[in-house]
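> let's see this in three dimensions:
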Amino acid sequence: QVQLVESGGGLVQPGGSLRLSCAASGSIFSINAMGWYRQAPGKQRELVAGITSGGSTNYADSVKGRFTISRDNAKNTVYLQMNSLKPEDTAVYYCNAGILRYGLGYVRDYWGQGTQVTVSS
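Numbering: from 1, shown residues only. Sure, this is the predicted structure:
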């Protein structure tokens, strides 16, 4: 089996920073793209940032210049550094990864359980 476990969410004041982590574990042969999504109450889940296995990144326009995604392939971990946080960044943040498991001949999408980020004074 494969699990994605997120950590690092919490309550922060506007202008503050948080760092999210997501570690993949289990019977992993390789990991393709990894990313962070978020879902605010009453809204659809949206892509925040993505990173390929080679390190190429992409960001939602709303977070460009404030958020940075990175990954440590040796640790099967992806990070999201969030700076200059705004109240509109409040959401549940989900980690996503395309993973090839040992013994499985195709890449499958996996999701973390979500971590709450609340930006409020």
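> give the bridge partners for the residue nearest to the spatial centre of the chain, please.
Centroid check for the chain by Cα atoms, centre = their mean gives residue 36 as the closest residue, at 2.8 Å. Here residue 36 sits in beta bridges with residue 49, residue 95, as judged by DSSP bridges.
> now for residue 29: which residues touch it?
100, 101, 102 (Cβ atoms under 8 Å, 6 or more residues apart in numbering). Placement of C-beta: from N, CA and C, glycine included.
> swap in residue 4?
Applying Cβ under 8 Å, 6+ apart, one finds that residue 4 lies in contact with 22, 23, 24, 95, 96, 97, 110, 111, 112, 113.
> which of the residues you listed sits closest to residue 32?
Nearest to residue 32 among those: residue 97, at 7.5 Å, using Cβ to Cβ.
> hmm, what's the outermost residue in the protein?
Most distant residue from the mean C-alpha position of the chain: residue 103, 26.0 Å away (Cα atoms, centre = their mean).
> now do the strands in this structure.
2-7, 10-12, 18-26, 28-39, 46-51, 57-59, 67-72, 77-82, 91-101, 107-111, 115-119 (DSSP state E).
> for the longest one, which positions count as buried?
By neighbour count, with 16 or more other Cβ atoms under 10 Å as the criterion, the buried positions of strand 28-39 are 28, 31, 33, 34, 35, 36, 37, 38.
> I figured residue 107 hits residue 32, correct?
Yes - between residue 107 and residue 32 there is a contact at 5.7 Å, judged by Cβ atoms under 8 Å.
> okay, and the common contacts of these two?
Both residue 107 and residue 32 are in contact with 98, 99, 100, where contact means Cβ under 8 Å, 6+ apart.
> out of the residues you listed, which is most surrounded?
When neighbours are taken as other Cβ atoms under 10 Å, the top entry among the shared contacts of residue 107 and residue 32 is residue 99 (22 neighbours).
> from memory that residue sits against residue 33, does it?
No - under the criterion of Cβ under 8 Å, residue 99 makes no contact with residue 33, lying 10.1 Å away.
> what do the two both touch?
By Cβ under 8 Å, 6+ apart, no residue touches both residue 99 and residue 33.
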